[in-house]
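**Q** here is my input, please return the structure:
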Amino acid sequence: MYFSPGEDLAMKTIGGWLVIFGLGSFVLGLIGYEFTLMMWVDSWGSAVGWIIRGAMIVIGSVLWLTGNNEQPAELQETDVA
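**A** Reported below is the predicted structural model:
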């Protein structure tokens, strides 16, 4: 699937932030701390909080990798000189 350059950048940006917050929350959760922005994930219990953290990492990685795909060869501009 091909996305326009603006969509690629948005997907990479959102995916990157999801991975950063997911991994940061995961590491901080292991040592007993948490991002203030991420405190809501444990409101349904510890297990659900860990599932949400993992989902953020996986979904963010997929978005980042999808946004990182190059434009297909048939859609690239060719130099005709």
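**Q** distance of the residue nearest the centre of the chain relative to Ile20?
**A** Centre of the chain computed as the mean C-alpha position; nearest residue by C-alpha atoms, centre = their mean is Gly60, 1.8 Å away. Counting by C-beta to C-beta, to the nearest Å, the gap from Gly60 to Ile20 is 8 Å. In short, each C-beta sits where N, CA and C put it, glycine included.
**Q** and what of Ala10?
**A** 16 Å.
**Q** in the lengthiest helix in the chain, what counts as buried?
**A** Ranked by residue count, the top helix of the chain under DSSP state H comes out as helix 5-30. For helix 5-30, a neighbour-count test (16 or more other C-beta atoms under 10 Å) marks Asp8, Met11, Lys12, Gly15, Leu18, Val19, Phe21, Gly22, Gly24, Ser25, Phe26, Gly29 as buried.
**Q** will you turn those into TSV that also has pLDDT?
**A** Shown next, in TSV, are the buried residues of helix 5-30 (pLDDT from 0 to 100):
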residue	pLDDT
Asp8	73
Met11	85
Lys12	88
Gly15	91
Leu18	94
Val19	94
Phe21	93
Gly22	94
Gly24	94
Ser25	93
Phe26	93
Gly29	89
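**Q** re the thing from before, list the contacts of the helix or strand that the longest helix of the chain is followed by.
**A** With elements assigned by DSSP states H and E, the helix or strand that comes after helix 5-30 is helix 46-67. The set of residues external to helix 46-67 that reach it, using C-beta atoms under 8 Å, 6 or more residues apart in numbering, is 1, 3, 7-23, 25-26, 29, 41-42.
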